[in-house]
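Chemist: pasting the sequence and the predicted coordinates here, then a few questions.
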Amino acid sequence: MNHKLPLSKSAAAGKYCSGLLLCASLLSLLALTTITAVGADETAPAAEVAAVDLAAAESPAAPAAATPVDAASDAAPAAVNSQVQASQVMSDEQKQRAIAQMGANQGDVWVWSEDNVVIEDGERQKRGPNGGPGQFNGGAVVLGGRPTYDPAADWYYLAYKDTSDKSKTDEEADKEARAVFDKERGKWMDEFDPWGVALEMSDNTAANAWVDVRNMQAFVLRNDSTVWENIVNHPQAVQWVNQFKGNMGSDAGEAQKEVLPSGGTAIQVLPKQDRVAHWGSDQALNIPNPQTIRAVLVSVEARISDKSDPDAKLGIQVGGDWKFTDPGAVKPFWYPGAGLAGIQRLSRDWARYYFVSITGVQDAIEERAISQEVFMNSTVPLADMEQAPQSQAQQPASAANGVQAEKLTYKTGAETVTPASVSRRAVAPSVSSKQLPKTGSQSSLWSHLAGFFLLGLSAAFLGWKKKS
């Protein structure tokens with residue numbers, strides 16, 4: 001009797017411990033199975049993080065310390081932002097490319113050659129010539145980054161001269177033009193129209209020739225800033241396109257164009273004709289405080305279209321015009337313009353082509369241009385093409401601001417990009433690739449250890465029980 005009582009208690013204790021160990025084993029297995037789930041969920045999807053952080057960045061009421069951060073991430077935010085901004089601005093290499101494109105033409109243009117014989121009213125019309133003054137030899141800065149006629153060159157007034165009125169003598173027409181010009185010369189122009197010209201090079205033998213263009217943008221640099229403001233962004237690049245005669249001043253009617261499925265516009269060039277394809281993009285209207293502008297920059301991406309014959313040899317010229325938004329202003333018969341770049345040969349690959357108002361080039365004066373050193377030390381919110389998705393021209397204009405910065409698109413019109421807004425937009429790509437802290441790592445390790453310990457304890461107890 002006394003002998004059986006301890007055995008009953010031992011058996012009960014054994015069963016009780018077995019039950020506990022069984023429960024512990026099950027809990028340890030459960031912990032092990034949940035480790036995978038914790039590991040998979042410890043990193044939030046990048047898209048979700050981007051959406052949250054971008055919304056916070058766009059909210060003007062968001063406090064600076066609204067989101068707690070650890071010491072490591074708080075220690076070097078400046079370095080991270082600096083790297084992000086560096087990847088979202090124009091590189092020194094592209095700035096040097098823009099400077100080079102303001103130089104000499106890269107070859108002869110067919111419409112300016114002796115082969116282009118144009119007879120009107122029994123007389124041969126002048127074209128070019130290649131290597132002549134102005135655009136016939138290279139890039140030039142005219143009004144440049146100073147959108148007013150003052151200080152005036154001695155030929156600016158000719159833009160207001162009506163040469164079509166045969167009832168007036170040349171002296172009378174000249175006098176009237178000077179009078180109108182003198183009334184307009186003290187005003188500041190607040191509209192900027194970027195444009196480009198697609199043309200045939202002299203060594204072209206193709207009968208079918210097209211040029212693809214996309215992502216035309218314009219920027220201005222103010223007196224009190226080193227950061228350029230984006231004033232025009234037009235992914236399609238073409239608002240209108242006309243054929244012009246080889247004298248570069250006579251409109252010869254609308255040119256053929258096609259919208260590219262991948263974004264942009266294909267423009268037809270008419271080989272061996274007295275024609276160049278002249279296009280314009282969206283314009284910047286009512287630009288605030290034009291008197292504070294000191295430089296202007298135009299950028300467009302272009303290539304020889306796949307629609308062209310294999311032997312097509314084509315070129316591009318980029319420039320822009322300053323105009324008055326005021327409908328009451330007297331409009332000239334033609335525009336002196338901000339200036340234009342040298343003729344650049346196109347290839348079959350997309351590349352950037354520029355106009356920038358810098359000194360050291362044809363006709364440039366200090367009042368209308370910045371030095372190459374100032375340009376190199378400035379910040380242009382335009383990432384290099386190599387760092388941008390190929391589908392950048394397809395991005396809808398209604399996309400979020402952060403996404404626009406990542407895709408190299410900016411709001412169209414006369415919106416000014418302040419240094420603060422450039423910084424905010426530039427952070428977007430970094431945010432989209434950011435991951436939440438891996439908070440599951442330590443808890444997963446302890447779960448592993450606890451589970452294996454309990455399994456080992458259960459095995460030891462079962463072995464001991466079998467022996468006893």
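Modeler: Arrived safely, thanks for sending.
Chemist: what's the burial count for the closest residue to G131 other than its chain neighbours?
Modeler: Nearest residue to G131, sequence neighbours excluded (C-beta to C-beta, 6 or more residues apart in numbering): N137, at 5.2 Å. C-beta here means a position set from N, CA and C on the backbone, and glycine is covered the same way. Close neighbours of N137, defined as other C-beta atoms under 10 Å, add up to 18.
Chemist: touching, N137 and G103? I think so.
Modeler: No: look at N137 against G103 with C-beta atoms under 8 Å: they stay out of range, at 9.8 Å.
Chemist: are we agreed that A177 is in a strand?
Modeler: No: in this structure, A177 is helix, not part of a strand, as judged by DSSP: H, G, I helix; E, B strand; the rest coil.
Chemist: related to what we said a few turns ago, the residue nearest to G131 and V109, how far apart?
Modeler: N137 sits 11 Å away from V109, going by C-beta to C-beta, to the nearest Å.
Chemist: what do those two both touch?
Modeler: N130 (C-beta atoms under 8 Å, 6 or more residues apart in numbering).
Chemist: contact partners for S371?
Modeler: Applying C-beta under 8 Å, 6+ apart, the residues near S371 are 358-360.
Chemist: mind exporting stretch 360-374 as PDB, just the C-alpha atoms?
Modeler: Taking C-alpha atoms only, stretch 360-374 is exported to PDB below (Å, rounded to 0.1, in the frame of the first residue of the first chain):
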ATOM      1  CA  GLY A 360      32.900  82.600 -75.200                       C
ATOM      2  CA  VAL A 361      30.700  81.800 -78.100                       C
ATOM      3  CA  GLN A 362      29.600  83.800 -81.200                       C
ATOM      4  CA  ASP A 363      27.900  87.200 -80.500                       C
ATOM      5  CA  ALA A 364      27.700  86.500 -76.700                       C
ATOM      6  CA  ILE A 365      28.200  89.500 -74.400                       C
ATOM      7  CA  GLU A 366      28.500  89.500 -70.600                       C
ATOM      8  CA  GLU A 367      25.100  91.200 -70.000                       C
ATOM      9  CA  ARG A 368      23.300  88.300 -71.800                       C
ATOM     10  CA  ALA A 369      25.300  85.300 -70.800                       C
ATOM     11  CA  ILE A 370      27.100  83.600 -67.900                       C
ATOM     12  CA  SER A 371      30.600  82.300 -67.900                       C
ATOM     13  CA  GLN A 372      31.300  78.600 -68.500                       C
ATOM     14  CA  GLU A 373      32.700  78.400 -65.000                       C
ATOM     15  CA  VAL A 374      29.400  79.700 -63.500                       C
END
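Chemist: tell me which of the contacts of S371 fall in strands.
Modeler: Taking DSSP state E, every one of the contacts of S371 sits outside strands.
Chemist: please tabulate those residues in CSV, including the columns distance to H234 and neighbour count.
Modeler: As requested, these are exported to CSV (distance: C-beta to C-beta, whole Å; neighbours: other C-beta atoms under 10 Å):
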residue, distance to H234, neighbour count
I358, 23, 26
T359, 28, 17
G360, 29, 12
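Chemist: dump those residues into a markdown table; add distance to K257 and pLDDT as well.
Modeler: Output for the contacts of S371, formatted as a markdown table (distance: C-beta to C-beta, whole Å; pLDDT from 0 to 100):
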| residue | distance to K257 | pLDDT |
| --- | --- | --- |
| I358 | 31 | 98 |
| T359 | 36 | 98 |
| G360 | 35 | 97 |
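Chemist: and which of the residues you listed is nearest to P133?
Modeler: Of all those, P133 sits closest to G360, with 17.6 Å by C-beta to C-beta.
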